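K.L.:
okay, here's the prediction I keep looking at, along with the sequence it came from:
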Amino acid sequence: MARYFLGCMHEQYHPRELLEQAVAGEQARFDGVACSDHFQPWWEPGHSGQAWIWLGAAAQATERVPIGPAVTVALKRYHPALIAQGFATLEAMYPGRVFVGLGSGESLNESPLGLDWPQPRDQLAALEEACGLIRRLWDGERVDHDGRFFKTKGAYLHTRPEKPPPLYISAFHPGAAKVAGRYGDGLWTFPDPEQAPKLIETYRKAAAEAGRRPGTIVLETGFSWAPHDDEALEAARVWKGAAPDDFYTDDWFDPKTMYERGEEEISDEEFKQRSIISSDPDEHVERIEQFQQVVDGGDVVVKLSNQSGPNALEAIRIYGEQVIPKLRS
């Protein structure tokens, strides 16, 4: 049976509001809570709370649900040794409740800090190098590393959990899916019916070739619920700023320009196909069940990013009463 994680979105909500959503998500019987991790939003005005700080507060505010970033980036803003340390610490404090989503990033996180934005092939190479470093540090090695993207001198994690948290690697093309197979405990991707099965196959094959057991498939999508369809669409509309594909590869980093480009390029109908936008809980159930069909067996997590605007808490309640129970029945 699939598990369902609530996505708490720092770009759309104040961190205090997101804590309320996390607590409400646990009460609604979501199986986990994930939060976005970006330096700035995809539009203006928005929010941009720091994900790692918030996750510590969310772990304390909740009791049982797994928590983690969706996703943290190992590139220039975060050195992989700090990622390893940060989430080893969180797992040591909240054993069995932490996961790490790891990806190759976007320019909106790096360029505002004066960091150069690399070509896609270098993003992938940096991700693979980072995964190797994180694994070695979690395994208790003292690491001297002189790599192409990262360097360490005797780096060692003096506080480690009994068991490292699961590492789910974000992949939207075959190269990243192969990295996920070699280093990850799972693959994180979109439930695109054409692309996702191919990526999952590539991931599982790479895992087998590396002598590793294929793990969890995390499917990410957004949802917006409101009493009326038009209201649900308007609440989620800002997320058009994250929709164009080249925002994830090219040097786009100005939120205002990105939203304007997304609004111009992505029609409302196309946008509604990418996310679940409806006042009808049964439509949410139907769409999620369709998304799950892209995975042929195995452990599946559906991460549902709450994009419901002012109806966020009510949307979580609706999911707890009318969506998740039907998905589990």
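P.N.:
Noted; the coordinates are in hand.

K.L.:
quick check: mean pLDDT of the longest helix along the chain?
P.N.:
Longest helix in the chain by number of residues (criterion: DSSP state H): helix 120-138. The predicted model assigns helix 120-138 a mean pLDDT of 97.

K.L.:
for stretch 199-214, same thing?
P.N.:
97.

K.L.:
and that stretch, what's buried?
P.N.:
Residues of stretch 199-214 classed as buried under the neighbour-count rule (16 or more other Cβ atoms under 10 Å) are 199-200, 202-204, 206-207, 214. C-betas here are computed from N, CA, C, even on glycine.

K.L.:
got the CA positions of the next helix or strand after the longest helix of the chain in CSV?
P.N.:
Per DSSP states H and E, the first helix or strand lying C-terminal to helix 120-138 is strand 143-146. Extracted in CSV, the C-alpha atoms of strand 143-146 (Å, rounded to 0.1, in the frame of the first residue of the first chain):
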residue,chain,number,x,y,z
VAL,A,143,37.3,11.6,4.8
ASP,A,144,40.1,13.3,2.8
HIS,A,145,38.6,14.2,-0.5
ASP,A,146,40.0,16.3,-3.3
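
K.L.:
quick one, helices of the stretch 51-200 of the chain?
P.N.:
For the stretch 51-200 of the chain, helices defined by DSSP state H, counting those that start in this stretch occupy the ranges 51-61, 80-93, 107-110, 120-138, 174-183, 196-209.

K.L.:
ok, Asp251 touching Pro112?
P.N.:
No: if you go by Cβ atoms under 8 Å, Asp251 and Pro112 don't touch, sitting 11.3 Å apart.

K.L.:
before we move on, the earlier item: same for the longest helix of the chain, what does it pack against?
P.N.:
Packing partners of helix 120-138 (3 or more Cβ pairs under 8 Å, 6 or more residues apart in numbering; DSSP states H and E): helix 80-93, strand 100-103, strand 143-146, strand 167-170, helix 174-183.

K.L.:
Lys256: which of the buried residues of stretch 199-214 is nearest?
P.N.:
Leu199 (32.1 Å; Cβ to Cβ).

K.L.:
once you drop chain neighbours, what's closest to that closest one?
P.N.:
Ala177 (4.6 Å; Cβ to Cβ, 6 or more residues apart in numbering).

K.L.:
find me the pLDDT at the one you found, would you?
P.N.:
On pLDDT, Ala177 comes in at 98.

K.L.:
I figured it hits Ala206, correct?
P.N.:
Yes: with contact defined as Cβ under 8 Å, Ala177 reaches Ala206; the gap is 6.8 Å.

K.L.:
quick revisit: shared neighbours, Asp251 and Pro112?
P.N.:
The contact sets of Asp251 and Pro112 do not overlap (Cβ atoms under 8 Å, 6 or more residues apart in numbering).

K.L.:
skipping adjacent residues, who's closest to Glu265 in space?
P.N.:
Pro244 (5.5 Å).

K.L.:
do Asp299 as well
P.N.:
Thr216 (4.5 Å).

K.L.:
now do the contacts for the one you found.
P.N.:
Per Cβ under 8 Å, 6+ apart, neighbours of Thr216: 166, 168, 185-187, 298-301.

K.L.:
circling back: can I get the helices of the stretch 51-200 of the chain in CSV including distance to Ala22?
P.N.:
Compiled in CSV, the helices of the stretch 51-200 of the chain are given as follows (distance: least, Cβ to Cβ, whole Å):
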stretch, distance to Ala22
helix 51-61, 5
helix 80-93, 14
helix 107-110, 22
helix 120-138, 25
helix 174-183, 26
helix 196-209, 27
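
K.L.:
re earlier: nearest to Asp122, out of the helices and strands packed on helix 120-138?
P.N.:
helix 174-183 (11.6 Å).
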